[in-house]
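A.B. asks: pasting the structure only:
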Ligand SMILES: NC(=O)c1ccc[n+]([C@@H]2O[C@H](COP(=O)([O-])OP(=O)(O)OC[C@H]3O[C@@H](n4cnc5c(N)ncnc54)[C@H](O)[C@@H]3O)[C@@H](O)[C@H]2O)c1
């Protein structure tokens with residue numbers, strides 16, 4: 001399977017590293033408009049996407065650039081006849097543009113998978129198994145407290161992701177969207193949302209704190225409680241980005257900042273470890289590797305993809321409902 005990547009910025013390092021660790025994958029090109037960045041990946045470097053598609057003839061194009069480049073890159077990959085496209089989130093610059101790109105790939109019969117990696121984190125895979133096995137009884141509530149600890153003061157985010165400072169929408173659009181998707185992975189599609197969003201750091205443009213309440217069928221709920229200025233107990237704040245609770249009638253799962261997952265039975269004090277913390281390769285429990293491997297496996301075995309674009313559009317609709325709710329200060333049906 002020949003893979004070429006568009007983009008060689010901060011997050012791309014995790015993609016290149018993961019591709020190199022997947023059996024049967026041949027990394028055939030890296031393209032960035034900054035040639036020195038493409039060069040630094042160690043793959044055959046290009047500064048023009050068309051040239052890379054013509055020369056390297058990849059089976060998969062992996063798009064790791066910001067949203068403004070997505071629609072054009074997808075259209076060029078479709079024209080070049082790739083077998084599949086993976087595209088980083090946030091997917092395109094608007095819901096309309098995302099729908100157009102989705103239609104284009106669907107009519108060409110080319111799978112377009114959104115790189116929504118958090119649902120592939122090992123603790124969410126393990127939690128899903130516990131929920132599906134009924135080990136916490138009837139699930140009532142999911143809670144995630146995002147506490148990245150990187151949002152204080154005028155220098156916030158500048159060393160890693162400087163573009164965070166000027167994004168008009170930050171907490172939900174850039175980061176919280178991962179839990180919109182992860183909650184739906186665990187609980188299905190939400191039916192309504194209520195959001196209260198705030199900007200605490202005056203040095204940035206967008207929101208960096210807030211609460212989002214999600215309603216699901218059967219009266220189940222989820223709470224996303226985000227605050228980028230506060231931290232949580234972890235050697236590496238970027239392993240889980242916070243802490244979680246998955247509560248049911250017969251037990252509670254706790255996700256700790258080291259990536260450990262612990263099950264406490266209803267009425268008990270002590271908990272058993274479901275997933276032990278460990279030092280994972282890559283980013284966030286090696287979720288980039290898991291997502292990319294999932295795409296390769298699905299292409300080779302014909303198994304279904306998670307988060308094909310047509311399905312992922314729903315996440316963008318939920319995101320729009322969240323911002324609408326914050327704006328009108330009311331619950332919004334999805
Ligand atoms: N899923 C996740 O966990 C996760 C984490 C971080 C970032 N991201 C997303 O990944 C994307 C990239 O983020 P980043 O932090 O690497 O950004 P970055 O700014 O560090 O890197 C982007 C790179 O893309 C290149 N580029 C931009 N437009 C281009 C074009 N049209 N043609 C060729 N090259 C182009 C730039 O030169 C730059 O090197 C963003 O959409 C971001 O939201 C996702």
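C.D. replies: Thanks, I have it. The structure presented is a predicted model; accordingly, all values stated were derived computationally and were not measured.
A.B. asks: Show me what from the stretch 151-300 of the chain comes close to the ligand.
C.D. replies: Applying Cβ under 6 Å from any ligand atom, we find that the stretch 151-300 of the chain lies next to the ligand at 161, 163, 174. Where you see a C-beta, it was placed from the backbone N, CA and C, and this is true even at glycine.
A.B. asks: residue of this structure with the smallest distance to the ligand?
C.D. replies: residue 9 (1.7 Å; Cβ to the nearest ligand atom).
A.B. asks: Can you say which helix or strand has residue 181 in it?
C.D. replies: helix 177-187 (DSSP states H and E).
A.B. asks: now the helices for this protein?
C.D. replies: With helices called from DSSP state H, the chain shows them at 12-21, 35-40, 49-56, 70-80, 95-108, 122-132, 177-187, 287-301, 309-328.
A.B. asks: Buried deepest among those, which one?
C.D. replies: Highest mean neighbour count of those: helix 177-187, a mean of 23 (counted as mean count of other Cβ atoms under 10 Å).
A.B. asks: Can you name every helix or strand that the helix holding residue 181 contacts?
C.D. replies: Packed against helix 177-187 by the contact rule (3 or more Cβ pairs under 8 Å, 6 or more residues apart in numbering; DSSP states H and E) you find helix 122-132, strand 139-146, strand 221-227, helix 309-328.
A.B. asks: Give me the helices and strands touching the last one, please.
C.D. replies: Read it as helix 309-328. helix 95-108, strand 112-115, helix 177-187, strand 192-198, strand 332-333.
A.B. asks: what's the angle from it to strand 221-227?
C.D. replies: Interaxial angle, helix 309-328 versus strand 221-227 (axes from the mean of the first three to the mean of the last three Cα atoms, to 10 degrees): 70 degrees.
A.B. asks: List of residues touching helix 309-328?
C.D. replies: The list of residues contacting helix 309-328 from outside it, by Cβ atoms under 8 Å, 6 or more residues apart in numbering, reads 87, 91, 95, 98-99, 101-102, 105-106, 112-114, 116, 169, 172-173, 176-177, 180-181, 184, 189-190, 192-197, 207, 210, 212, 331-334.
A.B. asks: OK, contacts around residue 287?
C.D. replies: For residue 287, the contact set (Cβ under 8 Å, 6+ apart) comprises 117, 118, 120, 121, 122.
A.B. asks: ok, back up a step: can you list contacts of the helix holding residue 181?
C.D. replies: Residues outside helix 177-187 that contact it (Cβ under 8 Å, 6+ apart) are 89-90, 116-119, 121, 124, 127-128, 131, 139, 142, 144, 146, 172, 190, 214, 216, 220, 222, 224, 246, 306-307, 312, 314-315, 318-319, 322.
A.B. asks: domain parsing for the chain?
C.D. replies: 2-115, 119-283+314-333 (automatic domain parsing).
A.B. asks: Would you mind finding the most buried of those?
C.D. replies: For those, the highest mean count by mean count of other Cβ under 10 Å goes to domain 2-115, at a mean of 19.
A.B. asks: what about it, how long is it end to end?
C.D. replies: Using Cα to Cα, to the nearest Å, the span of domain 2-115 from its first residue to its last is 18 Å.
A.B. asks: Show me the shaky parts of the stretch 201-334 of the chain.
C.D. replies: Of all residues in the stretch 201-334 of the chain, none has pLDDT under 70.
A.B. asks: Could you pull up phi and psi at the most far-flung residue of the chain relative to its centre?
C.D. replies: No residue in the chain sits farther from the centre than residue 267, which is 34.4 Å out by Cα atoms, centre = their mean. The phi/psi pair for residue 267 (degrees, to the nearest 10) reads phi 90, psi -10.
A.B. asks: State the distance from it to residue 134.
C.D. replies: Going from residue 267 to residue 134 by Cβ to Cβ, to the nearest Å gives 17 Å.
A.B. asks: Of the domains of the chain, which is nearest residue 298?
C.D. replies: Set against residue 298 and scored by Cβ to Cβ, those come closest in domain 2-115, at 7.9 Å.
A.B. asks: Quick check: mean pLDDT of that closest one?
C.D. replies: Here domain 2-115 scores 98 as its mean pLDDT.
A.B. asks: circling back: quick one, which of the helices and strands packed on helix 309-328 is nearest to residue 14?
C.D. replies: Relative to residue 14, the nearest member of those by Cβ to Cβ is strand 112-115, separated by 10.3 Å.
A.B. asks: counting contacts, what elements does that closest one pack onto?
C.D. replies: Here strand 112-115 touches strand 84-88, helix 95-108, helix 287-301, helix 309-328, going by 3+ Cβ pairs under 8 Å, 6+ apart.
A.B. asks: between the third one and helix 12-21, how many degrees?
C.D. replies: Inter-element angle recorded for helix 287-301 and helix 12-21: 40 degrees (by the same axes, to 10 degrees).
A.B. asks: ok and helix 287-301 relative to helix 177-187, angle-wise?
C.D. replies: Angle, helix 287-301 to helix 177-187, by the same axes, to 10 degrees: 60 degrees.
A.B. asks: for the longest one, same thing?
C.D. replies: With the same axes, to 10 degrees as the basis, helix 309-328 and helix 177-187 are set at 110 degrees to each other.
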